[in-house]
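Colleague: test case, fold it:
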Amino acid sequence: DMHYHSGGDGSGVLALSQGVVNVRDIGNEKATLLARKKRIDDGALLGPTIYPILGMDGDGPLSAQGFVRIKSVEEGKRELAIGKEEGHLGVKLYGTINPEWVAPLAEEAHRLGMSAQGHIPAGMRPSEAVAAGYDGINHINFVVMDAMPDDVVKTSNGLNRFFGPGKHAQHIDLDAEPMKGFIETLAAKRIVIDPTLTVYEQSFVPEQGEVAAAALPFLGVVPAQVERQFKSGGLVAPEGYEATRADMRASFLKLVETVRVMHEKGVPIVAGTDGLPSDLIRELELYATAGMTNAEALATATSVAAKVMGVGDRVGSIAAGREADLLLVNGDVSTSLAALRQVDLVMKDGLLMEGAALREAAGYSGLPK
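Modeller: Down below sits the predicted model:
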């Protein structure tokens, strides 16, 4: 899972129960995260291998909770050095960062051997962030932000990061500027995108009482309170935001289409959830809807993801000499990505774990549909 935020101790078993054995933690409260990562690495706690990314934001009312907050470039550089020493592999910049700070912070991250990616700071377009040194963009809504109206871009660290694209993405022409040239730049520079399409399917598509597609297979096998949450519906635009359910549904289809065009143009895409580990399978199914073969979709969460993290020579594919992070499912993934939900066995760090036992420990009452 290339867009993961580690939770409590039980979240590790939840991830393993869905066959998720490696995660890119893309921003967290670092002291808690690093302590939990050490326990997992030492074998004291069950959980996926964590590849930590340092979360960094400016200081303001919309700052990301738990991220390191900075008030200057110099302060940011100091935090990058500390983060590198602590073992962070990159930095995630968030929406309240001053756009003028992106280039010097990205340059310093690269000097330290760290990647630079994130949300797009308010007032900045993603093409400008890429020009300033971004190696990756988190979330498909920030990719299409290049074609959003100025007022949306200026307020994209608030609700407009959802309702702006929710209103306007449906009208984007991907074969015209600015998106045509921007996608070509993403491909040429090998900018890594983790679209998290499931976030926007769940936010844009269902009405209250309707269940998003990612959750449907788990009805009847999750605790009642979790199932009630499944039926809470998508986002509803508050007063001052004009996105309707019809707008957001149409815009979600355009977000899927954007992934299709990016994939066809050769933009590196990796699978992440920003939610429940079980959402990862739905993410891959959406990539197949966007035109990927099952093998290509699976690679976004295996070999391609491992290569992006710089560990493709150790994990991410099955070959002699690689670490045996393996998943055995009851079904043929080449014909149905839904078979990934039928976890039979999980192997990680020399441990062979039964899928049924992991699901029971995670609170599932049986196999998903």
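Colleague: list phi and psi for Asp194.
Modeller: Backbone torsions for Asp194, taken as degrees, to the nearest 10, come to phi -110, psi 100.
Colleague: hmm, it is touching Met2, no?
Modeller: Yes. With contacts counted by Cβ atoms under 8 Å, Asp194 reaches Met2, the gap being 4.9 Å. For every residue, glycine as well, the C-beta is placed using N, CA and C.
Colleague: overlap in contacts of those two?
Modeller: Ile26, Val270, Ala271, Gly272 (Cβ atoms under 8 Å, 6 or more residues apart in numbering).
Colleague: would you say the third one is within a strand?
Modeller: No. The assignment for Ala271 (DSSP: H, G, I helix; E, B strand; the rest coil) gives coil, which keeps it out of a strand.
Colleague: could you find the closest non-adjacent residue to Lys84?
Modeller: Once flanking residues are discounted, Lys84 sits nearest to Leu112: 4.6 Å by Cβ to Cβ, 6 or more residues apart in numbering.
Colleague: distance between the ends of stretch 155-162?
Modeller: Start-to-end span of stretch 155-162 (Cα to Cα, to the nearest Å) is 11 Å.
Colleague: where does Met48 land on pLDDT?
Modeller: I think there's a mix-up here, since residue 48 is Pro and not Met. At Pro48, the predicted lDDT confidence score is 97.
Colleague: would you mind giving me the confidence score for Pro121?
Modeller: For Pro121, the predicted pLDDT is 98.
Colleague: and the residue nearest to it when sequence neighbours are not counted, helix, strand or coil?
Modeller: Once flanking residues are discounted, Pro121 sits nearest to Ile97: 4.4 Å by Cβ to Cβ, 6+ apart. Following three-state DSSP, we place Ile97 in the coil state.
Colleague: next one: Ile97 from Arg359, what distance?
Modeller: Distance, Ile97 to Arg359, by Cβ to Cβ, to the nearest Å: 40 Å.
Colleague: higher neighbour count, these two?
Modeller: Ile97 (28 against 21; other Cβ atoms under 10 Å).
Colleague: test my guess that that one contacts Gly60.
Modeller: No. Using Cβ under 8 Å, Ile97 makes no contact with Gly60, being 9.9 Å away.
Colleague: doesn't Arg78 make contact with the residue nearest to Lys84?
Modeller: No. If you go by Cβ under 8 Å, Leu112 and Arg78 don't touch, sitting 11.6 Å apart.
Colleague: and the helices in the stretch 251-369 of the chain, which stretches?
Modeller: Ranges of helices within the stretch 251-369 of the chain are 279-289, 294-299, 303-308, 355-362, based on DSSP state H, counting those that start in this stretch.
Colleague: just name the most buried of those helices.
Modeller: Among the helices of the stretch 251-369 of the chain, ranked by average contacts under mean count of other Cβ atoms under 10 Å, first place goes to helix 279-289 (a mean of 24).
Colleague: Asn22 contacts Gly47, correct?
Modeller: No. Counting by Cβ under 8 Å, Asn22 does not reach Gly47; the two are 10.5 Å apart.
Colleague: the residue lying closest to Val130 once chain neighbours are set aside: neighbour count?
Modeller: Closest residue in space to Val130, ignoring its immediate chain neighbours: Ile191 at 5.7 Å, by Cβ to Cβ, 6+ apart. Number of residues near Ile191 (other Cβ under 10 Å) recorded here: 22.
Colleague: dihedrals phi and psi, Ile191?
Modeller: phi -80, psi 130.
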